[in-house]
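**Q** predicted model and sequence below, questions to follow.
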Amino acid sequence: MSFLRLGALWALPLVLIPIVIHLIHRRRHPTAPWAAMMFLHRATQARRGPAKLRRWLILAVRTLVVAAVVFALARPLSSGMFGVAASRVVSGAPSVVVLDRSASMQRRTESGLTHQAAALRRVAETLRTLGTQRVVLIDSVSVTPVELADVDALTDPQLTGGAASAADVPTMLRVAMQYLIDHDHSVADVWVCSDGQVNDWRPDAESWNRVAQAAQSLGDGVCLHLVDVADDPRVNTSVVLTRQRVIDAGPGKELAVSVLVERQDDASVVVPLRLVVGGVTQSFDVQVNNGRGELMDARVPVPEDQDVIYGQVSIPADVNAADDDWFFVAAADQDRPIGLVTESPCLALEVAADVLGNVVPAEAGAGQGSRLQQPRQLPGSVACLIWQGQLPVGDDAAAVARFLESGGSVVFFPPSDVDRGVEFQGVRWAQWTRGTVRQASFDQWELPIAASCSLDGQMVQLAEIGEGERWIGKIRVGGGAAWFCGADVIDPDSLFAKDGLVLYGLMSEALDASPLQIAGDGGIVAGTDDRRLQTGPDPLSETADIETLLARDEVIGMPLGHGAGVFATRHSAESAPRLVAVNRPAAESDRQTISDSQLQKLLAEVRWNRVVLRGPQENSGGGLVHEIWGAIWVMMIIGMLCEAWLTLPGRTRGESRWF
Amino acid sequence: MIEPGSDPDAVTESFFDPVLAERLSAIALTTRRPMLGTVSGRHQSPHRGSSVEFAEYRRYQPGDDLRRLDWRAYGRSDRYYVKEFEADTNLRLVLVLDGSGSMGFGDKLHAARQIAATLAYIAIRQGDAAGLICASDAGSELLPPRRIAGQVSVLFERLRNLQATGVTTLEETLHQLAETIRERALIVVISDLLLEPPTLRSAVEHLAFRKHDVAVFHLMDPVELQPDWDRPIRLDDMEGDESILVDPEEIAAGYADAVQDFLEEVERISRETAVDYHRVMLDRPIEESLMGFLAGRGRDSAV
C-alpha cells in the first residue's frame, strides 16, 4: 500500500488517544466502602476474563478506527509499486510519458483497443489518480518534450495517434533525461508506453550509454515504469510489397508487383490480397506456408497515359491493422537507386550499377553521372553505395557510417595505391598482389584472378584467394552491412571486370541486403530522414505543400514521413509534384521483444519496473493504482459497528441489571 | 425506661417506633412449632396440659390421675379412657443480630435495630420471653430470653450499643446458639447474610435439628442489588482490609449474576430447611416486612 498524502501518516500516533483516555479513565477513580464484597469476588471470578477480553477488543477497535481515519486522510493507494511516485507527484515532480507510437503498438487487444491506447489510457488514469499536475509527453514521432496542459491531453489523437515509423526508445529516453536535467528535476517518474519490440528499443544503440550517464547524474530520484500490454495468442498477418514496376506490355502498360505476406504461425492458409491502383481493386490469393507466402510479379493493367502510378496492397484487417497495407509509387522501370563513388571513372562498376538499379546522379557536374561529389548526403538518397578508392575518412567516413547505421549497404573496392594508414570500421586494405594468377572462389563461382588486394581487420570472410588469403569480407554496422572486395575493378581487362559474374553477384547481394530498397521505387521507410521528403531549398524547412493521395485516417495531422500513405510534395508552387510512398519499417512486424535481462543491462543505473497489462486490465478504465477510500470507509464502519456491539450491555437473568 | 403498655409518645429511641409496635402488637407473635416454655402461655406445647382445648383420648394406664378418666366414655365402651387436653406455654424469642462491618452499609444496622426492638417489644408485651445475641467478632454475649418488663430496656440498651464492625461470626453464633438454648425457641436472625450459603445452611439445619423455629430477616440495600457506579471505583471491604478496583463495564454482568445466584440459593436453603425467610429491602418500610412476618406466622400456626 502507498499513500498520496504521506505527510498525514505523521498523525499515526493519534491512535494512542483511545489508550491514553482509557488509562486516564482508569486512574481517576473514587474510593467507597462496600459491604457485598462476596458478589464482587464472584463477579470477577466468573466474568473478568471475557469482560477483560471484551474491553481490550473495544480498545483495539477504537484504536483501529482512529488508525483508519488517519489512513483515509493519507489517501491510500491499492498498489505499492508506485508508492514513492505518489508522494513525489504530490511534491510537484513531473511525470514524463515516453510514448512508442510505432506500427507494432497498433496491435489491438481483444476489446479493440490498440496496445498504445490501452497503455496510454492506463497511464493517464494513473496520473489522474495520483493528481499529477505536470505531464510531459515525448512521443516517437516528434521526439521532443511537450508539456501538456493536463492529463486529458494524453489521449489527444493529434499527439498520440498511431504512426508508421519505428520508435527510437533510447533516443526518447535520452531526451527525457535531458529534459529532467535541463529543468533541474532530480525527482521524476518516466512512464514508457512501449511493447518492448527490439526494433524500437535498439539494444545496440549508442544512445543507451548516454541514457545511463544521464540517469547516473540524476541519481535515484528518477524511476522508470514500463507499461505494456501482454500479447494474446491471436495470429497477426503482415504484408510487404517487395517490388513494383511499370512494364510496357505491347498494347498497353502493366503494373507488376511482388508481395510478401507473413504470418506468425506455421499454418497453411490462403490470404486474400487486394491491389488498389487508380481506384480499381484487383484481388489475388496468396498461399502462405510456414508463416510465409509470396506473390511474384502479379500484373494488372494500368492507364497508358500515366507515367507515375500509385496505390496500395492490402490484406484483411486483423489484430494489427497497421501492417495490413503497403503503399507504393511505381514509375516506368525505375530501379533501386545506387550511389557510385570512384576515384577515377570505372566502366565496370557503372555498367553493373546501371544494370542492377538506377545510378543516382551527382550533385554537381551532370557529366560525371557516375560519381557522387558529396557523400555526406548519402542517407535516404540511395539504397546501396559502391565505393572504389581510399576508404572514407573524416566527414565522408561519418556519412557512410550513418548510411550504414540506417540500414544501407556499401561495397568497397580497393584504390590503385593502397594507403595502409587509412581504415574504416576497423578494416583496411593491406597490399596488392599482382602478376600471379590465383584461383578465387565466391559463392558457386570460381575464377582466376591476376591482381588482388588483401584485407586486414575483423570481418566475416565470404571468399578467399590462393592459399586462404581473404578476398571478400563483410562487416555489419548498425542495421546495414559493408562488403570489402579485393578485386581490381579499375583495369577493364581484368578477368573480374570482364567476367562480371562475381561483381554482379556481390552487388546484387548488397542490394538485396539493404532494407532501404524495400520501400521500392519512390518508397520511403517511415521515420527515416529521407531527402525526398524535403520540399524547400532548406533541408530543415517544413513541408509547405503536401497533398495526401492515399492514406489511412490516422495519418491526418501527422508529420510527413511518419504516417503510411502516398503523398504528393512540391518544391515550389510551379514545380511538378513528386509522389512518395511512405511505409512502416518491415521489422515492425517482428515480434521479438527486449528481455528483462537486456533491460536490466541497459538500465543498470535506473530504477525501473515493468507493468504488463493482462486480460481485463487492458480494457478497464481504471489506472494502475486506485485510491482505496471505499475499503477504508468500510473498515471504519465495520470497526464502529463492532465497537457498538462490544459496548452493548450483556444480557442478564431477571431484572437485576444495574446499567 | 420503655415498658410495654407505656405511653408510646414517651419512647425516644430512634430505632423504635412505639406507634408501629403498638399497631403490630395487634397481631400475635406465634410460632410454627410447639414451644417448651417455662410457664403457661398462649403457645402450643408438645406436652398435654390442662387447657380447654381437647387433644385426644388415651387408654388408661396404671398410675394415671383418676380424675382425668372419662366416665362417659367408660359408660359407652366399658373401657377406661383418659381425656387429654393441649398444653399452652410461653414463647422464647431469641433475636440474633448480625453485628459485622457489612451491616454498617447504608441503613442496615438501623433497620436491624428496628426489627429487633419491635419484635422484642411485641413478644414481651404478649407475655413471652425475648433475648438477644449479637454476631460479631467483638463478642457475642447472649442476653437470655426473659419475660420480665425490664427486659425491653436491657435489650434496647444492647441494641443502642451495638456497633457494626469486624467480620461476621453469624455462622459460629448460630451453632453456639443451637448448643446453648436447649428448650425450643423462636430464633429470629437479622442479617445481610453476606456469608457463603453452605455455611448458612449448616447453621440453620443445626437450629432446626434442635427443634427451634428459625426465621430470617435478610437485609438488603438496593444499591447492593444495583450499584450506581458509572466509572471505575475502588471499593474498600467493610469487614476487612481488602480493596478492589472495579470497572463497572467489566463486572456488570457478572455482578448481577452473582447477586441473582446468591438470592436464589438463599431462598432454596430457606425452603429446604423450613426457615421463615423474609427479604427486607431498605427502600421499603420496615412495617411491610414485620407485618408480613407476623401475619404469615399467624396463618401457619392456624393451619
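**A** Yep, it's here.

**Q** just give me how far the host helix or strand of B:Val266 sits from the chain centre.
**A** Using DSSP states H and E, B:Val266 sits within helix B:248-272. How far helix B:248-272 lies from its chain's middle: 24 Å, per C-alpha atoms, centre = their mean, to the nearest Å.

**Q** check which residues of it are buried.
**A** B:248-260, B:262-263, B:266, B:269-270 (16 or more other C-beta atoms under 10 Å in any protein chain shown). Where you see a C-beta, it was placed from the backbone N, CA and C, and this is true even at glycine.

**Q** is the helix or strand following that helix up against chain A anywhere?
**A** Sequence order places strand B:276-281 as the next helix or strand after helix B:248-272, per DSSP H and E. No. Using C-beta under 8 Å from any C-beta of the partner chain, strand B:276-281 stays clear of chain A, coming no nearer than 12.2 Å.

**Q** strand B:276-281 pairs with which strands?
**A** strand B:213-220 (parallel) (DSSP bridges).

**Q** show me how far the partner strand is from its chain's centre.
**A** Worked out by C-alpha atoms, centre = their mean, strand B:213-220 lies 6 Å from the chain centre.

**Q** so which bits of the helix or strand following it are buried?
**A** Where DSSP H and E defines the elements, the next helix or strand beyond strand B:213-220 is helix B:222-225. Across helix B:222-225, burial judged by 16+ other C-beta under 10 Å covers B:223-225.

**Q** from these, which single one is nearest B:Leu194?
**A** B:Leu194 has its nearest neighbour among the buried residues of helix B:222-225 in B:Glu224, at 9.0 Å by C-beta to C-beta.

**Q** who touches that closest one in this structure?
**A** A:35-36, A:39, B:105, B:259 (C-beta atoms under 8 Å, 6 or more residues apart in numbering or on different chains).

**Q** what about the residue of the stretch 401-550 of chain A found nearest chain B, which SS state?
**A** Closest residue of the stretch 401-550 of chain A to chain B, C-beta to the nearest C-beta: A:Gly527 (75.9 Å). For A:Gly527, the assignment made with DSSP: H, G, I helix; E, B strand; the rest coil gives coil.

**Q** now do the SS call for the closest residue to it other than its chain neighbours.
**A** Distance criterion C-beta to C-beta, 6 or more residues apart in numbering or on different chains; nearest residue to A:Gly527, sequence neighbours excluded, is A:Ser165 at 2.7 Å. What three-state DSSP gives for A:Ser165 is coil.

**Q** contacting residues around A:Ser165?
**A** A:101-103, A:140-141, A:526-528, A:561-562, A:584-585.

**Q** list the ones among the residues you listed that fall in strands.
**A** Applying DSSP state E to the contacts of A:Ser165, no entry is found in strands.

**Q** dump these into CSV; add neighbour count as well.
**A** Conversion of those to CSV gives the following (neighbours: other C-beta atoms under 10 Å in any protein chain shown):
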residue, neighbour count
A:Arg101, 29
A:Ser102, 31
A:Ala103, 30
A:Ser140, 25
A:Val141, 23
A:Ala526, 25
A:Gly527, 25
A:Thr528, 20
A:Gly561, 23
A:His562, 24
A:Arg584, 29
A:Pro585, 24
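
**Q** among these, which one sits closest to chain B?
**A** A:Arg101 (67.1 Å).

**Q** verify the stated contact: the closest one with A:Gly162.
**A** Yes. At 5.8 Å, A:Arg101 counts as touching A:Gly162 under the criterion of C-beta atoms under 8 Å.

**Q** what is in contact with those two at once?
**A** What both A:Arg101 and A:Gly162 touch, as defined by C-beta under 8 Å, 6+ apart, is the set A:Gln116.

**Q** could you measure the residue nearest to the spatial centre of chain A against chain B, distance?
**A** The centre of chain A sits closest to A:Asp200, judged by C-alpha atoms, centre = their mean, with a distance of 2.8 Å. Separation of A:Asp200 from chain B (C-beta to the nearest C-beta, to the nearest Å): 68 Å.

**Q** counting by contacts, list what the helix or strand hosting that residue packs against.
**A** Using DSSP H and E, A:Asp200 sits in helix A:198-201. Contacts defined by 3 or more C-beta pairs under 8 Å, 6 or more residues apart in numbering or on different chains; DSSP states H and E place helix A:198-201 against helix A:169-182.

**Q** tell me which helix or strand comes right after the helix it packs on.
**A** strand A:188-193.

**Q** give me the angle between that next one and helix A:169-182.
**A** 160 degrees (axes from the mean of the first three to the mean of the last three C-alpha atoms, to 10 degrees).

**Q** I'd like to know how many residues surround the closest residue to A:Val427 other than its chain neighbours.
**A** Nearest residue to A:Val427 in three dimensions, chain neighbours excluded: A:Gly457, at 3.6 Å (C-beta to C-beta, 6+ apart). Neighbour count of A:Gly457, defined by other C-beta atoms under 10 Å in any protein chain shown: 16.

**Q** tell me the domain boundaries of the chain?
**A** Since you didn't name a chain, this refers to chain A. Domain ranges of chain A: A:2-30+A:37-78+A:630-647, A:83-231+A:594-626, A:237-333+A:521-588, A:337-518, per automatic domain parsing.

**Q** not quite, I wanted chain B
**A** B:8-33+B:91-302, B:43-89.

**Q** mean pLDDT and distance to A:Ile386 for these - can I get that in JSON lines?
**A** Formatted as JSON lines, the domains of chain B follow (pLDDT from 0 to 100; distance: least, C-beta to C-beta, whole Å):
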{"stretch": "domain B:8-33+B:91-302", "mean pLDDT": "86", "distance to A:Ile386": "99"}
{"stretch": "domain B:43-89", "mean pLDDT": "75", "distance to A:Ile386": "151"}
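
**Q** if we can go back for a sec, and the next helix or strand past the helix holding A:Asp200?
**A** Following helix A:198-201 in sequence, per DSSP H and E, is helix A:207-218.

**Q** how big is the angle separating whichever helix or strand comes after that following helix from helix A:207-218?
**A** Using DSSP H and E, the next helix or strand after helix A:207-218 towards the C-terminus is strand A:222-229. Counting by the same axes, to 10 degrees, strand A:222-229 lies at 130 degrees to helix A:207-218.

**Q** by contact count, what packs against whatever helix or strand comes next after strand A:222-229?
**A** For strand A:222-229, the following helix or strand on the C-terminal side (DSSP H and E) is strand A:237-248. Identification of packing neighbours for strand A:237-248 by 3+ C-beta pairs under 8 Å, 6+ apart yields strand A:253-263, strand A:292-302, strand A:308-314, strand A:325-331.

**Q** for chain A, give me its nearest residue in chain B.
**A** B:Gly254 (2.8 Å).

**Q** would you map the strands across the stretch 401-550 of chain A?
**A** Secondary structure of the stretch 401-550 of chain A (DSSP state E, counting those that start in this stretch): strands at A:409-413, A:428-433, A:438-442, A:445-449, A:452-456, A:460-465, A:469-477, A:480-485, A:523-525, A:546-551.
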